[in-house]
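Peer 1: please find the sequence and the predicted model below.
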Amino acid sequence: MPEPSETKASNPGSLVGSGAIDSGDSGDASTAGPVTAEPITAGPESNTSPRELSRVMPGWADLNGTVLFYTAVPLPGHWPVRFGSVALLAPMVGVALGGLLAAADGLLRQTGLSMALVSALVVFGGALLTGGLHVDGVMDTADGLAVMDPERRLTVMADSRSGAFGVMAAIALFTLKILALLSVPPGARAAALIFAMAWGRWGQQWAIGCYPYLKPRGKGAFHKQAIPSCRQAMPWAIGLSVLSASGAALEWISWSDGLVAAVVGLGSAGLVAGWLNRKLGGHTGDTYGAVVEWVEVAILVGLACISQ
């Protein structure tokens, strides 16, 4: 079986659902031998394996791993993939996903469809692009928190079956997102989508770095290895704040929108991650997903509120 940090991109689904990622191996390339300076090419004609490519071009492999882990976007099978540091690049994927949704929103609005329908299609499109990964975390977390016995919460969250509270949480999540996006003025919708997707994934970084991981093994275990403390989450917090200020300075968004996005992103991430930590004593992969989604909701609702 290939190591989770260095493998092919040919079958993303098997990577997430199998023991390949559950091993939690961060795959430090420094233990894999010296890196050669020979030119490396990839493609059907190349004799270079994906593992060798990931060692000499770790940044590309990390980015590919981030796309595969957090989205449903397929990549060519011969591209190198590493998963050990994907959590560090999650906000970058958020910016890209937000940009795709903003483009889709702009195109759909040109078709003459109602804004309500466009908003619904964009929100569900976001879930489609991520394969429902974070929505599943929302549902599992809601089911677990509904259990009165704290000792059984993690067991319930690990159950693949969805309970009534999980379904209600998903309905509330989609309803709030659609209504909030519908309330954002057309000129601010693109920024709202990008900020929501980016700050949501920064919220995950904050939860990973600041609170303990509750499972010795699992899909989220190697996230903690990549972000062992809150300090590793700060570069993206600064970067997204700068992005907000730059957007306002270039008159792409208003200063109030940029400020609200940054304040709500930082504040909601801290509140949601902290509240889940108090309830569960730490975090799991499911709660990381829940943080992403509820921070997205907070951003969209915040921007909708100042637009009224």
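Peer 2: Received, thanks.

Peer 1: going by C-alpha atoms from here, please, whenever you check contacts or count neighbours.
Peer 2: Noted.

Peer 1: mind checking the SS state of the closest residue to residue 227 other than its chain neighbours?
Peer 2: Residue nearest to residue 227 in three dimensions, not counting chain neighbours: residue 209, with 5.1 Å by C-alpha to C-alpha, 6 or more residues apart in numbering. Secondary structure assignment for residue 209 (DSSP: H, G, I helix; E, B strand; the rest coil): helix.

Peer 1: against residue 283, how distant is residue 209?
Peer 2: 10 Å (C-alpha to C-alpha, to the nearest Å).

Peer 1: repeat that for residue 118.
Peer 2: From residue 118 to residue 283 the distance is 34 Å (C-alpha to C-alpha).

Peer 1: over to residue 59?
Peer 2: For residue 59 relative to residue 283 (C-alpha to C-alpha), the value is 27 Å.

Peer 1: so between those two, which is more surrounded?
Peer 2: Using other C-alpha atoms under 10 Å as the criterion, residue 59 and residue 283 rank with residue 283 on top: 24 against 14.

Peer 1: so who does the nearest residue to that one once chain neighbours are set aside touch?
Peer 2: Distances taken as C-alpha to C-alpha, 6+ apart place residue 213 nearest to residue 283, at 5.0 Å, with adjacent residues excluded. Applying C-alpha atoms under 8 Å, 6 or more residues apart in numbering to residue 213 gives the contacts 220, 221, 224, 282, 283, 284.

Peer 1: if you set the cut-off to 10 Å instead, what comes out?
Peer 2: Contact analysis of residue 213 by C-alpha atoms under 10 Å, 6 or more residues apart in numbering lists 207, 220-224, 228, 277, 281-285.

Peer 1: also residue 152?
Peer 2: Counting by C-alpha under 10 Å, 6+ apart, residue 152 has contacts 144, 145.

Peer 1: please repeat the previous calculation with a cut-off of 8 Å.
Peer 2: Contacts of residue 152 by C-alpha under 8 Å, 6+ apart are residue 144.

Peer 1: that one falls within a helix, correct?
Peer 2: Yes. Under three-state DSSP, residue 152 sits within a helix.

Peer 1: need the helices for this structure, in chain order.
Peer 2: Ranges of helices in the chain, per DSSP state H, are 12-17, 19-22, 50-56, 58-70, 90-109, 115-129, 133-145, 153-158, 164-183, 189-210, 221-226, 234-249, 255-280, 285-306.

Peer 1: convert the fourth one to PDB, retaining C-alpha atoms only.
Peer 2: These are the backbone C-alpha positions of helix 58-70, laid out as PDB (Å, rounded to 0.1, in the frame of the first residue of the first chain):
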ATOM      1  CA  PRO A  58       7.100  18.700  -2.700                       C
ATOM      2  CA  GLY A  59       5.100  22.000  -3.200                       C
ATOM      3  CA  TRP A  60       3.300  20.600  -6.200                       C
ATOM      4  CA  ALA A  61       2.600  17.300  -4.500                       C
ATOM      5  CA  ASP A  62       1.300  19.100  -1.400                       C
ATOM      6  CA  LEU A  63      -1.000  21.300  -3.500                       C
ATOM      7  CA  ASN A  64      -2.300  18.200  -5.400                       C
ATOM      8  CA  GLY A  65      -2.900  16.500  -2.100                       C
ATOM      9  CA  THR A  66      -4.800  19.400  -0.800                       C
ATOM     10  CA  VAL A  67      -7.100  19.500  -3.900                       C
ATOM     11  CA  LEU A  68      -7.800  15.800  -3.700                       C
ATOM     12  CA  PHE A  69      -8.400  15.700   0.000                       C
ATOM     13  CA  TYR A  70     -10.700  18.800   0.300                       C
END
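
Peer 1: show me where pLDDT drops low in the stretch 201-308 of the chain?
Peer 2: 219, 308 (pLDDT under 70).

Peer 1: what are the phi and psi angles of residue 149?
Peer 2: Dihedral pair for residue 149: phi -80, psi 110, per degrees, to the nearest 10.

Peer 1: tell me the domain boundaries of the chain?
Peer 2: Using automatic domain parsing, the domain ranges for the chain come out as 7-84, 89-306.

Peer 1: ok, the residue nearest the centre of the chain - contacts?
Peer 2: The chain has residue 201 as the residue nearest its centroid, 4.4 Å off, counting by C-alpha atoms, centre = their mean. By C-alpha under 8 Å, 6+ apart, residue 201 lies in contact with 90, 91, 94, 292.

Peer 1: run through who's touching stretch 266-282.
Peer 2: Under C-alpha under 8 Å, 6+ apart, the answer for stretch 266-282 is 145, 150, 153, 199-200, 202-204, 206-207, 211-214, 237, 283, 287, 291, 294-295, 298.

Peer 1: what is the end-to-end distance of stretch 82-94?
Peer 2: Span of stretch 82-94 from end to end, C-alpha to C-alpha: 18 Å.

Peer 1: using PDB, write down the CA coordinates of stretch 193-212.
Peer 2: Output of stretch 193-212 as PDB, limited to C-alpha atoms (Å, rounded to 0.1, in the frame of the first residue of the first chain):
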ATOM      1  CA  LEU A 193     -18.300  33.700  -1.600                       C
ATOM      2  CA  ILE A 194     -14.500  33.900  -1.700                       C
ATOM      3  CA  PHE A 195     -14.200  35.200   1.900                       C
ATOM      4  CA  ALA A 196     -16.700  32.700   3.200                       C
ATOM      5  CA  MET A 197     -14.800  29.700   1.600                       C
ATOM      6  CA  ALA A 198     -11.400  31.000   2.600                       C
ATOM      7  CA  TRP A 199     -12.100  32.000   6.200                       C
ATOM      8  CA  GLY A 200     -14.100  28.800   6.800                       C
ATOM      9  CA  ARG A 201     -11.000  26.800   6.000                       C
ATOM     10  CA  TRP A 202      -8.900  29.100   8.200                       C
ATOM     11  CA  GLY A 203     -11.300  28.300  11.000                       C
ATOM     12  CA  GLN A 204     -10.300  24.700  10.600                       C
ATOM     13  CA  GLN A 205      -6.700  25.600  11.000                       C
ATOM     14  CA  TRP A 206      -7.500  27.400  14.200                       C
ATOM     15  CA  ALA A 207      -9.300  24.400  15.600                       C
ATOM     16  CA  ILE A 208      -6.500  22.100  14.600                       C
ATOM     17  CA  GLY A 209      -3.800  24.200  16.100                       C
ATOM     18  CA  CYS A 210      -5.400  25.300  19.300                       C
ATOM     19  CA  TYR A 211      -7.200  22.200  20.600                       C
ATOM     20  CA  PRO A 212      -6.300  18.500  21.000                       C
END
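
Peer 1: perfect, I'm done here.
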